[in-house]
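S.K.: could you look at this predicted model? Sequence included:
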Amino acid sequence: MKTFTHIFILPVALFLGVTTAAYGQRVYSGQVAVENLTGIKENNTLSVYMDIVLDALKIGSDEMLTLTPVLTANAGTQTRALPPAVVNGGRRQKMVERARVLNGDPVFAETPQTVLKRNNNTRQTISYSTAVPFESWMSDASLNLVKNATGCAECDKGSGEQLLTGRVLREPYMPTYKLTYIVPEVEPVKARSDRHTATFNYVVGKHDLVRNYKNNAAEFDRVDRVINEVKGNNDLNITEFTVSGYASPEGNHNSNRALSDRRANSFADYLSNAHGISRSRFKVTGYGEDWDGLEQAVEKSALADRNEILRIINNVANPDSRDAELMKLSNGQTYRTLLENYYPPLRRTDYTIAYNVRAFSVEEAKEVIRTNPKLLSLNEMYLVAQTYPENSKEFKEVFDIATRLYPNEPIAILNSAAADIEGGNHQAAIDRLNRIENDPRSWNNLGVGHARMSNPAKAKEYFEKAAARGDADAKANLEELNKTTKD
């Protein structure tokens, strides 16, 4: 797994004599400076680098100045003292060296990062560096320099504390990615259609529609509600009625085709007479026996002879010969089951109402999208979405509706995926966009989705592809991505 490096650099000197918090005597005021402070997190280690500049420091020959960097959690009580840097006067340095040689005395409670003899009135710099195991609280920790001065016989000469930086690790760069939304074209004519099915009962071999025959009254009422709803909507202009008649497979194939045609025309006559629709606006076709519908029903069934029925449907060319073959199955029991349970739904009349829809203002569209969204164009839905904040529930809902009504329209998929990313549903967005991955318009949003899913390599791949085609948003996003990887 790739790790990211976080760096914080202070290019200017921090003069330690100007303390923000001090206790006891202020020591060596203005005489010690820190430059080039850098904090780096890499894997599970925190490294700290700095230059401790001693050019202005004048220290007594018997004195020792201990400089201890201390990490302190900004949102807690955790602290971690780093190895100190020790600066000695001339005689004190000799004492330290003698103790080490003669006694093996460690001298210091904690091993220093460096022990240096100060040569007053000369340029001297301690190149300080250390590394400690990283703990989570160090992501937001300040760095202080604690100064302790002692004289001969370890007498206290004063202490002080200097804030070097409020955050030793820079906060990770938070990129701002640009999402692609495409404004759909305006539909010059919003042509729509609704398909319905009417299943009437007929006297055997007859085509006459009789309202009081079996359950026909309920079916007539349902048809009337559908027609009245469309006719009563002033936003619609009906352009055409298409009526398609189907028969079940029993009986003679040619006779069934003629029968389905007569029954379809009988239904068209009813619509014309009952609802005042010009007969010239109807397109009527009788398709005869609905073997396709039977095949689909059998495929979904648990019939014992299911496979054999499907074989007969697909391999016996003559429809009338199919009947004879079906009757042989299971001594006729299978055919009786088909007659009773599978054939009646095939005797139906499908009707499609085609109409044009008027254009809506944005305010009208905001109401229509709640009640009958199929009357809106993608452009009208887009304009409705723009009235809501981009990260709002309503904004996302509009694009979800657009995708549901236009499931194969690339613009609907792209805009809905962008809204998913706005809402934090990054994987859902990627799944949607993968359907149109060959469409270059999707590449920028795919890049953003993968970037948000912490997959910078994949994000870069899509950003580069889109940028190569002149996508300005992708180019800007690539720059943002590069900042995060540098971070």
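M.R.: It's in.
S.K.: count of residues packed around the nearest residue to Leu405 once chain neighbours are set aside?
M.R.: Computed as CB to CB, 6 or more residues apart in numbering, the closest residue to Leu405 that is not its neighbour in sequence is Lys374, at 5.7 Å. Backbone N, C-alpha and C define where each C-beta goes, glycine included. By the other CB atoms under 10 Å criterion, the neighbourhood of Lys374 contains 14 residues.
S.K.: what does Ser29 give?
M.R.: The burial count for Ser29: 15, using other CB under 10 Å.
S.K.: show me how this protein divides into domains.
M.R.: 6-165, 192-355, 359-486 (automatic domain parsing).
S.K.: for Pro175, find the nearest of those domains.
M.R.: domain 359-486 (3.8 Å; CB to CB).
S.K.: from Tyr406, how far out is the residue nearest to Leu405?
M.R.: Distance check for Lys374 against Tyr406: by CB to CB, to the nearest Å, it reads 10 Å.
S.K.: can you tell me which residues contact Asn256?
M.R.: Neighbour list for Asn256: 247-249, 288-289 [criterion: CB atoms under 8 Å, 6 or more residues apart in numbering].
S.K.: one more time with 6 Å
M.R.: Counting by CB atoms under 6 Å, 6 or more residues apart in numbering, Asn256 makes contact with 247, 288-289.
S.K.: who touches the strand or helix carrying Tyr462?
M.R.: Using DSSP states H and E, Tyr462 falls within helix 456-468. Helix 456-468 is contacted from outside by 443-444, 446-447, 450-451, 474-475, 477-478, 481, 485, using CB under 6 Å, 6+ apart.
S.K.: of all those, which comes closest to Gly104?
M.R.: Thr485 (49.1 Å).
S.K.: pretty sure Met138 is touching Ser47, no?
M.R.: No. With contact defined as CB atoms under 6 Å, Met138 does not reach Ser47; the gap is 11.2 Å.
S.K.: compare these two (neighbour count), which wins?
M.R.: The neighbour comparison of Met138 against Ser47 (other CB under 10 Å) goes to Met138, with 20 against 16.
S.K.: dihedrals phi and psi, the more buried one?
M.R.: Met138 adopts backbone torsions of phi -70, psi -10, taken as degrees, to the nearest 10.
S.K.: so who does it touch?
M.R.: With CB under 6 Å, 6+ apart, Met138 has these contacts: Leu46.
S.K.: quick check, pLDDT for it.
M.R.: Met138 is assigned 94 on the pLDDT scale.
S.K.: before we move on, what about Pro344?
M.R.: On the pLDDT scale, Pro344 gets 91.
S.K.: ok so, going back, ok, which of the domains of the chain comes nearest Val183?
M.R.: Smallest distance to Val183 across those (CB to CB): 6.0 Å, for domain 359-486.
S.K.: and that closest one, how far from the chain's centre?
M.R.: Relative to its chain's centre, domain 359-486 lies at 9 Å (CA atoms, centre = their mean, to the nearest Å).
S.K.: I'd like the average pLDDT over it.
M.R.: Per-residue pLDDT values over domain 359-486 give a mean of 95.
S.K.: run through who's touching the strand ranked longest in the chain.
M.R.: The strand that spans the most residues within the chain, counting by DSSP state E, is strand 236-247. With contacts defined as CB under 6 Å, 6+ apart, strand 236-247 is touched by 256, 259-260, 263-264, 267-268, 281-290, 348-357.
S.K.: looking at these, which are in helices?
M.R.: 256, 259-260, 263-264, 267-268 (DSSP state H).
S.K.: just the buried residues from those residues, in PyMOL please.
M.R.: Of those, the buried ones can be selected in PyMOL as follows, counting by 16 or more other CB atoms under 10 Å:
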select buried, resi 256+259+260+263+264+267+268
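S.K.: and the ones in helices among the contacts of strand 236-247 as a markdown table, adding pLDDT?
M.R.: Listed next are the ones in helices among the contacts of strand 236-247 as a markdown table, based on pLDDT from 0 to 100:
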| residue | pLDDT |
| --- | --- |
| Asn256 | 95 |
| Leu259 | 95 |
| Ser260 | 95 |
| Arg263 | 95 |
| Ala264 | 96 |
| Phe267 | 96 |
| Ala268 | 97 |
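S.K.: which pair of the ones in helices among the contacts of strand 236-247 spans the longest distance?
M.R.: Largest pairwise distance in the ones in helices among the contacts of strand 236-247, by CB to CB, is 18.7 Å, between Asn256 and Ala268.
S.K.: give me the pLDDT for Asp208.
M.R.: On pLDDT, Asp208 comes in at 92.
S.K.: doesn't it lie inside a strand?
M.R.: No. Counting by DSSP: H, G, I helix; E, B strand; the rest coil, Asp208 falls outside a strand, being coil.
S.K.: neighbours around it, how many?
M.R.: There are 10 residues near Asp208, going by other CB under 10 Å.
S.K.: tell me which element Thr38 is part of?
M.R.: With DSSP H and E as criterion, Thr38 is part of strand 33-42.
S.K.: scratch that, Ile52 is what I was asking about
M.R.: Short version, using DSSP H and E: Ile52 is in strand 45-53.
S.K.: what's whichever helix or strand comes after that strand in contact with?
M.R.: Proceeding N to C from strand 45-53, the next assigned helix or strand is strand 64-73, under DSSP H and E. The contact list for strand 64-73 (CB under 6 Å, 6+ apart) reads 79-82, 84-88, 92, 137, 141-150.
S.K.: try 7 Å this time
M.R.: 28, 48, 52, 59, 79-82, 84-88, 92, 137-138, 140-150, 168 (CB atoms under 7 Å, 6 or more residues apart in numbering).
S.K.: among the residues you listed, the buried ones, what's the PyMOL command?
M.R.: Buried residues among those (16+ other CB under 10 Å), as a PyMOL selection:
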select buried, resi 28+48+52+59+80+82+84+85+86+87+88+92+137+138+141+142+143+144+145+147+148+149+150+168
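S.K.: show me what contacts Arg195?
M.R.: Arg195 neighbours (CB under 7 Å, 6+ apart): 350, 352.
S.K.: what angle do the helix or strand where it lies and strand 236-247 make?
M.R.: For Arg195, the host element (DSSP H and E) is strand 190-198. Here the directions of strand 190-198 and strand 236-247 differ by 40 degrees (axes from the mean of the first three to the mean of the last three CA atoms, to 10 degrees).
S.K.: for the next helix or strand along the chain from strand 190-198, packing partners?
M.R.: Of the helices and strands lying after strand 190-198 in sequence (DSSP H and E), the nearest is helix 216-231. With contacts taken as 3 or more CB pairs under 7 Å, 6 or more residues apart in numbering; DSSP states H and E, helix 216-231 sits against strand 190-198, helix 253-275.
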